[in-house]
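A.B. asks: sequence and predicted structure below; questions after.
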Amino acid sequence: MALSKQLKLQHLLWRTGFGPATTETAHWESLPESAWWTKVKEASVKPPGMFDVADGAVKGLVMGVGMLGKMERNDLTKEEKKKLKKQSREDLKNLNLRWLEEMVETRAQLREKIALFWHGHFASRNINILYQQQLLDVVRTHALGNFGDLLRGVSKTAAMLAFLNNQQNKKQHPNENFAREVMELFTLGRGNYTENDVKEAARAFTGWSHRLDGTFVFRLRDHDSGSKTVLGKTGNFDGDDMLDILLEKRETARFIARKLYKFLVNETLVPEERINWLGDRFFDSGYKIMRLLEDIARSDWFYAPENMGVKIKSPVELWVGIRRTIPMELADPESQLVLQKVLGQVLFYPPNVAGWPGGRNWIDSSSLMLRLRIPQLLYRNQDLDVHGKTDDDQQMGEAAKGQMRRLSAVMDWQPAIDLFAKTPDNELIGKIAEFLWAVPTKNLPWEVLQKNTDRSNRSALVQTAMVQLMATPEYQLC
């Protein structure tokens, strides 16, 4: 079956971004297919700016000379510690919302989409706002660059060093946590190293630490300068040497290629020969991330029927996509934090160091029902009643038993009305479905649409048809 140009465009914009922005769709549709990838790539060439949302009070507490001395001596009062923690949590909310806005508004969709991938790959849970925004900056800056630079940058962030306990990794008492996760989750993957490799790598990483303001520091007095044997190599290795050794392994390139393939193409159907081909080209390129992305996006199999409309959108993908489809001004932006929590993906709060498992894990009976209701909650300005498990970090200091927030927004329907202005009435719902769904529209719920759309005027029909079509299982897929 020949795929329509519209369906292929949906596929590309959802996999390499957060779906089509209604305001830009007409321009995309006017371009030849051969120009699509170039446009996607060029929109993300410009380096991103850092999101600096840390409150002046936090910076003052951490960077002020007097307070810094007290912190280094662990001499803060209980009240000072409480104040610092509370403000940092508040700033993390702001960082979360700031990044969400960027995902919605930016034309650099590829950069932010791949940054979201790396955010899960290099998962770190830390309530220190300075450390988290530093880590995010490294991820966004190198998201499309060189994996070696990205790996080295992330490995030297305070967020990662603290999360994986490398502050406690000293020559007298090596801590293996950091070395193990770097090998298992960030580079080689399980089965490509031994327990002795982990022990020896941990010795190489001794002395890697950070200052209170988040800057990396190598503490020579804590470093084990003796000979180590790791992955068949022997020498007086330090942490940088260790990362070089990991990057010299072709298994690292294939591990990253596999994860990116599952993120961008298909989570369950993963041909081994294809992964080896992608991984080897990635390795031979010197770990150029854009080269790997180009190999994926420009391949014939990227648009193969078995790879289209088979991925379940993550909560962040789903929500950002809705906002790109219908421009809106939220009355209560913090309601987005509650929404993330109940759907199971709060930015900067991964469940563990392995990140979010994704796939069918995004869906259970309660989360699916809420997903289907989101468009209607927005359209009708209804309350979002949240009852979730207690998790003080994810709660961000708010009550754990339940939260009531209203998903209230001023929705701008004009771009959608303009987009379908030339579509005949009898073709309107079908065209809207083709725009919204990343799957074929042969099974449209005509009875439901007939019953639940307002046909009093064209504007009402566009609005209610879009709401109904977004409140479907098909819209959960990309």
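C.D. replies: Good, I have the coordinates. Numbering: from 1, shown residues only.
A.B. asks: tabulate the CA atom coordinates of the strand or helix carrying Asp149 in PDB.
C.D. replies: In the assignment (DSSP states H and E), Asp149 maps to helix 147-155. Written as PDB, here are the backbone C-alpha positions of helix 147-155 (Å, rounded to 0.1, in the frame of the first residue of the first chain):
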ATOM      1  CA  PHE A 147      28.800  11.400  21.600                       C
ATOM      2  CA  GLY A 148      32.300  11.400  23.100                       C
ATOM      3  CA  ASP A 149      32.000  15.100  24.000                       C
ATOM      4  CA  LEU A 150      28.500  14.500  25.400                       C
ATOM      5  CA  LEU A 151      29.600  11.400  27.500                       C
ATOM      6  CA  ARG A 152      32.600  13.300  28.900                       C
ATOM      7  CA  GLY A 153      30.500  16.400  29.600                       C
ATOM      8  CA  VAL A 154      27.800  14.500  31.400                       C
ATOM      9  CA  SER A 155      30.200  12.300  33.300                       C
END
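A.B. asks: from the chain's centroid, how far away is that helix?
C.D. replies: 17 Å (CA atoms, centre = their mean, to the nearest Å).
A.B. asks: tell me what it is packed against?
C.D. replies: Helix 147-155 sits against helix 129-142, helix 239-247, with contacts defined as 3 or more CB pairs under 8 Å, 6 or more residues apart in numbering; DSSP states H and E. C-betas here are computed from N, CA, C, even on glycine.
A.B. asks: what angle do that helix and helix 239-247 make?
C.D. replies: 140 degrees (axes from the mean of the first three to the mean of the last three CA atoms, to 10 degrees).
A.B. asks: pick out the residue nearest the middle of the protein.
C.D. replies: The structure's the chain has its C-alpha centroid closest to Leu116; by CA atoms, centre = their mean the separation is 2.1 Å.
A.B. asks: quick one, what contacts the nearest residue to that one once chain neighbours are set aside?
C.D. replies: Closest residue to Leu116 apart from its sequence neighbours, by CB to CB, 6 or more residues apart in numbering: Val316 at 6.5 Å. Applying CB atoms under 8 Å, 6 or more residues apart in numbering to Val316 gives the contacts 100, 103, 116, 340, 345, 347.
A.B. asks: now with 10 Å, please.
C.D. replies: The contact partners of Val316, taken as CB atoms under 10 Å, 6 or more residues apart in numbering, are 18, 96, 99-100, 103, 116, 119-120, 336, 339-340, 343, 345-347, 356.
A.B. asks: next, the buried residues of the helix or strand Arg373 falls within.
C.D. replies: For Arg373, the enclosing helix or strand under DSSP H and E is helix 365-380. For helix 365-380, the neighbour count (16 or more other CB atoms under 10 Å) marks 370-371, 374-379 as buried.
A.B. asks: what is the nearest of those residues to Asn452?
C.D. replies: Comparing these against Asn452 with CB to CB places Gln376 closest, at 9.6 Å.
A.B. asks: can I assume the closest one is in contact with Met466?
C.D. replies: No. Gln376 lies out of contact with Met466 (CB atoms under 10 Å); the separation is 11.1 Å.
A.B. asks: can you show me the strands along this protein?
C.D. replies: Ranges of strands in the chain, per DSSP state E, are 208-210, 216-218, 228-230, 233-235, 328-330, 383-386, 403-406, 409-411.
A.B. asks: contacts for the fifth one?
C.D. replies: Strand 328-330 is contacted from outside by 97, 104, 322-323, 336, 378, 406-413, using CB under 10 Å, 6+ apart.
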